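Q: sequence first, predicted model second:
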Amino acid sequence: MRLGHARSASTRQERAAQLHRDQQAAPKLRVMFPAVEQLRFELSFESNGTSTPPVPQSRVFHPPARAYFSFPCPYADCDGRFELAAAAHAAVEDPSHSIEGVLECAGVRASDLASKPPCPLRLHYKLTAVCTLAH
């Protein structure tokens, strides 16, 4: 049992290190979206399983921030990610500068090492871009 725990901790550390490398490699928001002064992500979660969903989150990106819009599943024992880059582009390009949607986590939860059930989490997101008048 301890070996499984050590492996999962090591795997989490590897995923965290990869996330950090990916974030650092992403361009700055001001380069990707020159007209954007602020990009706001409002994230809420719904679980169709027995787990309690995580609390809602808000993330605000300003021009100096890295334009990295891949968010790890908030369940610590899940290897999934929510990819919101396409939604960010859509929000910036939409005349209202806002977009909403739902994504299902494609990750696998390791809480039951034998069966590795799929993650039941769904992400409800709203993205709002505050753009300069030149856009």
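A: Thanks, I have the structure now.
Q: OK, contacts around the residue sitting nearest the centre point of the chain?
A: Most central residue of the chain, judged by C-alpha distance to the mean C-alpha position with CA atoms, centre = their mean, is Phe71 at 1.9 Å. Contacts were defined as CB atoms under 8 Å, 6 or more residues apart in numbering; by that measure Phe71 touches 43, 59, 81-82, 84, 123. All C-beta atoms are positioned from the backbone trio N, CA, C, and that covers glycine.
Q: buried ones among those?
A: Among those, those buried by neighbour count (16 or more other CB atoms under 10 Å) are 43, 81-82, 84, 123.
Q: farthest pair in those?
A: Among the buried ones among the contacts of Phe71, the pair separated by the greatest distance (CB to CB) is Leu43 and Arg81, at 12.7 Å.
Q: which stretches in this protein count as strands?
A: Listed in chain order, the strands found in the chain under DSSP state E are 36-47, 57-61, 70-72, 81-83, 98-104, 121-131.
Q: tell me how far the residue nearest to the centre of the chain lies from Leu19.
A: Taking CB to CB, to the nearest Å as the criterion, Phe71 is separated from Leu19 by 9 Å.
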